[in-house]
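K.L.:
mind folding the following:
(one chain, ligands or ions: 1)
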Amino acid sequence: MEERAPLILVADDDEVSGRLAHDLLDGAGFSVHLLGKSIDIIPAIKQAKPDMVVMDITLSGMDGLKVIRMIKSDLEISAVRIVVVSENDFEYEKQRAFKYGVEAFIKKPFNVDTFASQISQILSGNKELLTAFGGGVEEEEMPGAPHADDTLSETQARITVWGCRGFAPEMPNLVSAYGKQTSCVAVETRERLVIFDGGSGIIPLGRKLLAESGHRDIWILLTHFHLGHVMGLPYFPCLANPAYTIRIAGAGPGEDKFAEAVRGIFYASPWWHAPRPRARILIYEMSGDVCELAPGIRVRTMQAHHPSMTLCYRLEAAGKKIVYAPDSGLFGDAAAMQAYDEKLGEFCRRADAVIHDACFTDEDWQSRREEGHSSPAAAMEFAALQAEAKNLVLFHYDGAYSDETVDKMTERAARLAKLNSWETQCHTAREGFSLTLE
Ligand SMILES: [Zn+2]
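P.N.:
Here you go, the predicted model:
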């Protein structure tokens with residue numbers, strides 16, 4: 001069967017440059033539609049179903065960036081690739097355009113020798129940052145061939161901690177046995193890898209994955225957008241390799257859509273020097289209570305008691321239940337309002353492992369309640385009495401604490417468990433900590 005030439009819709013209110021783009025692309029063998037009135041762009045995309053739109057964002061009477069946003073949030077046409085051409089190349093506009101899902105930004109006037117080949121390269125490259133859809137994974141997007149890890153049986157799951165610190169505005173220059181990387185935990189089953197959070201710990205994890213060339217289809221579940229949970233994501237080494245599929249799931253902060261917030265991480269100014277990703281990235285907004293990530297791997301979510309929209313996850317895989325709640329402010333005994341502790345207890349009921357916020361000393365927990373964290377002792381009591389979990393992993397210690405402080409507060413939790421003869425095993429997260437659930 002003969003392959004059809006890709007169809008490109010050129011939308012430009014400036015007749016001369018629109019015609020030039022048309023002729024250059026037409027000359028290179030593309031099918032090209034030229035649209036002189038950008039006001040009609042959305043109906044034109046719906047009708048022509050182009051593979052790509054090349055558009056000037058200085059549209060007459062419309063904010064071009066707003067139009068891009070409309071295209072990208074309309075499920076019928078959101079998959080179309082967009083290349084922006086503009087006389088301006090203000091960094092701020094570019095960042096917004098990328099955040100909304102644009103693939104490339106070409107400054108006018110174009111280089112007539114390279115314009116068509118630039119477009120052709122973008123068309124043949126991996127599609128970056130595909131638009132979100134909620135409620136799980138559609139059939140054709142089901143993860144590709146699994147990678148079998150022979151060190152695990154079908155009923156085992158391995159938890160590995162790559163970063164267990166909370167982000168502190170001032171990070172004291174102290175060597176730590178717990179490590180200084182921020183939130184990132186890998187859960188491996190025989191066939192799949194799921195990563196919780198994209199804190200700085202995801203960078204050494206990615207290096208290991210690249211070196212081992214194992215899993216190529218990876219889920220990253222984000223709890224929220226506080227810095228310590230996303231700061232490593234744009235630097236995740238697997239993003240540089242087009243052979244990888246990275247599936248990022250979570251919930252949007254406040255009014256923002258999740259996909260937009262994720263794109264913001266890749267293209268917003270705090271991360272301006274991060275390399276542009278080359279892996280295939282798919283973004284999923286968690287919209288239901290339960291999502292199937294791959295055959296036999298399910299995830300449930302619950303909103304955490306923590307400032308900003310924050311999720312706790314319960315992963316069900318290889319017959320195990322693993323809860324990840326890195327930022328979760330328990331109310332504890334003294335509080336009148338127990339609804340959250342009870343609800344979370346239900347969510348964690350008899351889990352094989354609960355990885356829970358143990359950010360503060362008991363004193364700091366009392367005085368910094370509004371920050372939505374817990375202490376190791378509170379997490380221990382919760383895991384044993386409310387959740388009846390098999391294992392508790394104390395996690396997310398304040399980044400500014402010395403090892404001496406973390407030692408004391410975690411030892412206190414372990415003592416409490418021993419004293420009460422609680423059955424829940426208490427573990428202390430540190431970088432490299434690993435727990436295999438049998
Ligand atoms: Zn947080």
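K.L.:
domains of the protein?
P.N.:
As assigned by automatic domain parsing, the chain contains the domains 7-125, 139-437.
K.L.:
show me how far the first one is from its chain's centre.
P.N.:
Using CA atoms, centre = their mean, to the nearest Å, we find the averaged C-alpha position of domain 7-125 to lie 27 Å away from the chain's own average C-alpha position.
K.L.:
hmm, back to that, would you mind finding the most buried of the domains of the chain?
P.N.:
Ranked by mean neighbour count, the domains of the chain are led by domain 139-437 with a mean of 20 (mean count of other CB atoms under 10 Å). Just so you know, the C-beta spots here come from the backbone N, C-alpha and C atoms, and that holds for glycine as well.
K.L.:
report whether it contacts the ion.
P.N.:
Yes - legend: contact between domain 139-437 and the ion by CB under 5 Å from the ion is shown at 226, 327.
K.L.:
quick check: mean pLDDT of that domain?
P.N.:
Average pLDDT, domain 139-437: 90.
K.L.:
strands along the stretch 1-150 of the chain, start to end?
P.N.:
7-11, 31-35, 52-56, 81-86, 104-107, 130-134 (DSSP state E, counting those that start in this stretch).
K.L.:
again, but for the stretch 151-300 of the chain
P.N.:
Under DSSP E, counting those that start in this stretch, the stretch 151-300 of the chain gives strands at 157-163, 184-188, 193-196, 217-221, 245-250, 280-285, 290-294, 297-303.
K.L.:
residues contacting residue 24?
P.N.:
Residue 24 is in contact with 110, 112, 115, 116, counting by CB atoms under 8 Å, 6 or more residues apart in numbering.
K.L.:
swap that for residue 121, please
P.N.:
So residue 121 contacts nothing (CB under 8 Å, 6+ apart).
K.L.:
quick check: it vs the ion, distance?
P.N.:
39 Å (CB to the ion, to the nearest Å).
K.L.:
mind checking pLDDT for that residue?
P.N.:
The model's pLDDT for residue 121 equals 80.
K.L.:
so which of the strands of the stretch 151-300 of the chain is nearest residue 94?
P.N.:
strand 280-285 (18.7 Å; CB to CB).
K.L.:
summarise which helices and strands the closest one is packed against.
P.N.:
Using 3 or more CB pairs under 8 Å, 6 or more residues apart in numbering; DSSP states H and E as the contact criterion, the elements in contact with strand 280-285 are strand 130-134, strand 245-250, helix 258-267.
K.L.:
could you export those as JSON lines, including distance to residue 187?
P.N.:
Compiled in JSON lines, these are given as follows (distance: least, CB to CB, whole Å):
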{"stretch": "strand 130-134", "distance to residue 187": "23"}
{"stretch": "strand 245-250", "distance to residue 187": "14"}
{"stretch": "helix 258-267", "distance to residue 187": "20"}
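K.L.:
these: which one's closest to residue 170?
P.N.:
Of all these, it is helix 258-267 that lies closest to residue 170, at 22.9 Å by CB to CB.
K.L.:
so of the contacts of residue 24, which ones are in helices?
P.N.:
115, 116 (DSSP state H).
K.L.:
distance between the ends of stretch 289-303?
P.N.:
End-to-end distance for stretch 289-303: 10 Å, by CA to CA, to the nearest Å.
K.L.:
leaving out chain neighbours, which residue sits closest to whatever residue of the stretch 251-400 of the chain ends up closest to the ion?
P.N.:
Closest residue of the stretch 251-400 of the chain to the ion, CB to the ion: residue 327 (4.0 Å). With CB to CB, 6 or more residues apart in numbering as the criterion, residue 327 has its nearest non-adjacent residue at 4.4 Å, and that residue is residue 306.
K.L.:
can you report phi and psi for the one you found?
P.N.:
phi -170, psi 140 (degrees, to the nearest 10).
K.L.:
over to residue 166?
P.N.:
Backbone phi and psi, for residue 166 under degrees, to the nearest 10, turn out to be phi -80, psi 160.
K.L.:
in contact with it, which residues?
P.N.:
182, 183, 228, 327, 359, 373, 396, 397, 398, 399.
K.L.:
was I right to think residue 231 contacts residue 197?
P.N.:
No - taking contacts as CB atoms under 8 Å, residue 231 lies outside contact range of residue 197: 9.9 Å.
K.L.:
save the contacts of residue 24 as TSV, and put in pLDDT too.
P.N.:
Supplementary listing: the contacts of residue 24 in TSV, determined by pLDDT from 0 to 100:
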residue	pLDDT
110	82
112	87
115	89
116	90
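K.L.:
of the contacts of residue 24, list those near the ion.
P.N.:
Answer for those near the ion: none qualify (CB under 5 Å from the ion).
K.L.:
now the contacts of residue 24 in JSON lines, with distance to residue 157?
P.N.:
Converted to JSON lines, the contacts of residue 24 look like this (distance: CB to CB, whole Å):
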{"residue": "110", "distance to residue 157": "52"}
{"residue": "112", "distance to residue 157": "57"}
{"residue": "115", "distance to residue 157": "51"}
{"residue": "116", "distance to residue 157": "50"}
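K.L.:
need the longest helix for this structure.
P.N.:
helix 403-419.
K.L.:
show me what that helix is packed up against.
P.N.:
helix 376-381, strand 425-428.
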